[in-house]
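Student: Provided below are the primary sequence and the corresponding predicted coordinates.
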Amino acid sequence: MFTQTQGVQQANKLTATPYEAQQNFAATLKDAIAQVNAQQIQSDTLTNKLINGGDVDLHEVMIASQKASITLNATMEVRNKVVEAYQEIMRMSV
């Protein structure tokens, strides 16, 4: 059942202050970068295990390496688009 209190809480989430929006964006960005870092660390760990003769399959190492590569490349493309958008805004006349 949808109560009036739930409706007010959902409306408050949609009308966040600029400070709250900035904090939410920053937290989301930090989480995304942490996930990319975790992929890189996992890839490095599996690669080191393979090099040292640990109990790890080659295909697992290759999959982890490709996942890390794809997430890093996607992150870099998003960064490039954000920088381009910022530069475009800076070129706008007020």
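Tutor: Everything's here; your move.
Student: show me what the helix or strand hosting Gln35 is packed up against.
Tutor: Element membership for Gln35 (DSSP states H and E) is helix 18-51. Here helix 18-51 touches helix 58-91, going by 3 or more CB pairs under 8 Å, 6 or more residues apart in numbering; DSSP states H and E. For glycine as for every other residue, the C-beta is placed from the backbone atoms N, C-alpha and C.
Student: for the helix it packs on, the distance to its chain's centre please.
Tutor: On the basis of CA atoms, centre = their mean, to the nearest Å, helix 58-91 sits 9 Å off its chain's mean C-alpha point.
Student: where does this protein have low pLDDT?
Tutor: The model of the chain has pLDDT under 70 over residues 1-14.
Student: which residues touch the most centrally placed residue in the chain?
Tutor: Taking CA atoms, centre = their mean as the criterion, Ala32 is the residue nearest the geometric centre of the chain, at 1.8 Å. Residues in contact with Ala32, defined by CB atoms under 8 Å, 6 or more residues apart in numbering, are Thr75.
Student: any buried residues in stretch 22-36, and which?
Tutor: For stretch 22-36, a neighbour-count test (16 or more other CB atoms under 10 Å) marks Val36 as buried.
Student: can I get it in PDB, CA atoms only?
Tutor: Taking C-alpha atoms only, stretch 22-36 is exported to PDB below (Å, rounded to 0.1, in the frame of the first residue of the first chain):
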ATOM      1  CA  GLN A  22      26.400  17.400  -5.600                       C
ATOM      2  CA  GLN A  23      27.000  15.000  -2.700                       C
ATOM      3  CA  ASN A  24      25.000  12.300  -4.400                       C
ATOM      4  CA  PHE A  25      26.900  12.800  -7.600                       C
ATOM      5  CA  ALA A  26      30.200  12.700  -5.800                       C
ATOM      6  CA  ALA A  27      29.300   9.500  -4.000                       C
ATOM      7  CA  THR A  28      28.200   7.800  -7.200                       C
ATOM      8  CA  LEU A  29      31.400   8.900  -9.000                       C
ATOM      9  CA  LYS A  30      33.500   7.600  -6.100                       C
ATOM     10  CA  ASP A  31      31.600   4.200  -6.200                       C
ATOM     11  CA  ALA A  32      32.100   3.900  -9.900                       C
ATOM     12  CA  ILE A  33      35.900   4.600  -9.700                       C
ATOM     13  CA  ALA A  34      36.100   2.100  -6.800                       C
ATOM     14  CA  GLN A  35      34.600  -0.600  -8.900                       C
ATOM     15  CA  VAL A  36      37.000   0.100 -11.700                       C
END
